[in-house]
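Student: Got a sequence here, can you build the structure:
(one chain, ligands or ions: 1)
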Amino acid sequence: MIFLRRVLLLSGAQALAVWAMAIAPDPGAIAFGTEKYVEYDAGDLPLVITTPHGGRLRPESLPNRVDGVTGSDLDTLELARAIAGEFATRTGHRVHLVASHLHRSKLDPNREITEAAQGNAAAERAWREYHAFITAATAAAAAQHGFAFLIDLHGHGHPIPRIELGYTLNEDQLGQSDAAFDASGLIARSTLRDLHARLGGSAAQLLRGPGSLGDLFAARGLRAVPSPEEPAPGENPFFAGAYTIKFHAAEPTTTKVDGVQVETYRQGLRDTAENRARFATVVAEVFTIFLHERYQYDFPTANSTTANK
Ligand SMILES: [Zn+2]
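Tutor: All right, here's what the predicted structure looks like:
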């Protein structure tokens, strides 16, 4: 942790990126930030899963946040661990997992630092450590595989039980026709900017056409937006994707990093251990197909990994 603190004294994202690899522990190791408010389980697969709102710690030494949303996303850390476990079983390897253990009433790492920590120095430190771990994870994955895919995992309480896929595109932007969306150039400001730059073609089709993440979830019986069936959220509440996915995947500097903010509804997906395990298998199937089709990446299989090591 001494080393991590030194890194955080440097300013700017670039310094962070340069040092990020140095703070990344070996795959399978677990690193913690100060007071164990933040956890990083280092992996060796191209997937990075983050959970900003699944924390339960409410230390008295940290003041309660007074502005913004303070309710947590119930069971999302447990869901992330179920997904990580499913990939470990299938592949014999690990996804990267970065979690905030602080309750959202103490820190919201999915906001810029002012709203996130509301001026408290210890909360600001946890925020910096959380994002430094994500930078370390995406840099390690990109160095190893040529790309990283960031899944920022959340839970919503919206009336419609559908998975909301946030590419940092809002309802108005998604509400356009495919032709208008393609002509808008908005994909270059989304979390699939690097993938689209590699593949070309219709940006709208990449987001919501056949083989899109929404399509792959829908094909497994789970409503998702955007998808071929539901290309835009319409008038209904929808989370377009916030700070984490924007900062780590949608900026011009985040080359080789793509991602999505995955907002899950609770009942049937994350409310019980059984449902989390079932949904974890769906997530593993979806990303196995998506990464194969879009990145020509195939996950290792558990019984063949020793031969490759
Ligand atoms: Zn959330």
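Student: who in the chain is up against the ion?
Tutor: Within reach of the ion by C-beta under 5 Å from the ion, the chain has these residues: 53, 73, 154. From N, CA and C alone the C-beta is placed, and that goes for glycine too.
Student: can you pull the buried residues of stretch 58-76?
Tutor: Along stretch 58-76, the positions that meet the burial threshold by neighbour count (16 or more other C-beta atoms under 10 Å) are 62, 65, 72-76.
Student: so where's the chain shaky on pLDDT?
Tutor: Counting by pLDDT under 70, the chain has low-confidence residues at 1-24, 304-309.
Student: Now do the strands in it.
Tutor: Applying DSSP state E to the chain gives strands spanning 30-32, 38-41, 47-51, 96-100, 148-155, 163-166, 224-225, 257-264.
Student: for L62, what are its contacts?
Tutor: The contact partners of L62, by C-beta atoms under 8 Å, 6 or more residues apart in numbering, come to 102, 106-107, 120, 122-123.
Student: okay, now the nearest residue to G33 once chain neighbours are set aside: neighbour count?
Tutor: Distances taken as C-beta to C-beta, 6 or more residues apart in numbering put E129 closest to G33, at 3.4 Å, once the chain neighbours are dropped. The criterion is other C-beta atoms under 10 Å. On that basis, E129 has 28 neighbouring residues.
Student: now K36
Tutor: Here the neighbour count serves as a burial measure; for K36 (other C-beta under 10 Å) it reads 11.
Student: for the one 10 residues further on, same thing?
Tutor: When neighbours are defined as other C-beta under 10 Å, P46 has 26 of them.
Student: my guess is it meets A143, correct?
Tutor: No - contact status for P46 versus A143: not in contact, 10.5 Å apart, counting by C-beta atoms under 8 Å.
Student: give the contact list for N236.
Tutor: The neighbours of N236, taking C-beta under 8 Å, 6+ apart as the test, are 158-160.
Student: coming back round to it: nearest to N303, out of the contacts of L62: which one, please.
Tutor: Distances from these to N303 were compared by C-beta to C-beta; the smallest belongs to L102, at 39.0 Å.
Student: is the closest one in a bridge, and if so with what?
Tutor: L57 (DSSP bridges).
Student: distance of it from the ion?
Tutor: L102 sits 13 Å away from the ion, taking C-beta to the ion, to the nearest Å as the criterion.
Student: hmm, back to that, including distance to E251, could the buried residues of stretch 58-76 go into JSON lines?
Tutor: Written out in JSON lines, the entries for these read as follows (distance: C-beta to C-beta, whole Å):
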{"residue": "L62", "distance to E251": "29"}
{"residue": "R65", "distance to E251": "25"}
{"residue": "S72", "distance to E251": "27"}
{"residue": "D73", "distance to E251": "24"}
{"residue": "L74", "distance to E251": "30"}
{"residue": "D75", "distance to E251": "30"}
{"residue": "T76", "distance to E251": "24"}
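Student: From those, pick the one nearest A42.
Tutor: The shortest approach to A42 among the buried residues of stretch 58-76 belongs to T76, at 20.1 Å (C-beta to C-beta).
Student: those helices in the stretch 1-150 of the chain, which residues are they?
Tutor: Remark: helices of the stretch 1-150 of the chain, listed N- to C-terminal, are 2-9, 13-23, 76-91, 113-117, 121-145; assignment by DSSP state H, counting those that start in this stretch.
Student: okay, the ones you listed, which one's buried deepest?
Tutor: helix 121-145 (a mean of 23; mean count of other C-beta atoms under 10 Å).
Student: who touches G175 in this structure?
Tutor: For G175, the set of contacting residues under the criterion of C-beta under 8 Å, 6+ apart consists of 232, 234.
Student: One more: R104?
Tutor: Contacts for R104 were tallied using C-beta under 8 Å, 6+ apart; they are 52-53, 55, 65, 69-73.
Student: repeat for T91
Tutor: With contacts defined as C-beta under 8 Å, 6+ apart, T91 is in contact with 45, 299-302, 305.
Student: want to throw these into TSV with neighbour count?
Tutor: Formatted as TSV, the entries for these read as follows, by neighbours: other C-beta atoms under 10 Å:
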residue	neighbour count
L45	24
F299	18
P300	16
T301	11
A302	14
T305	12
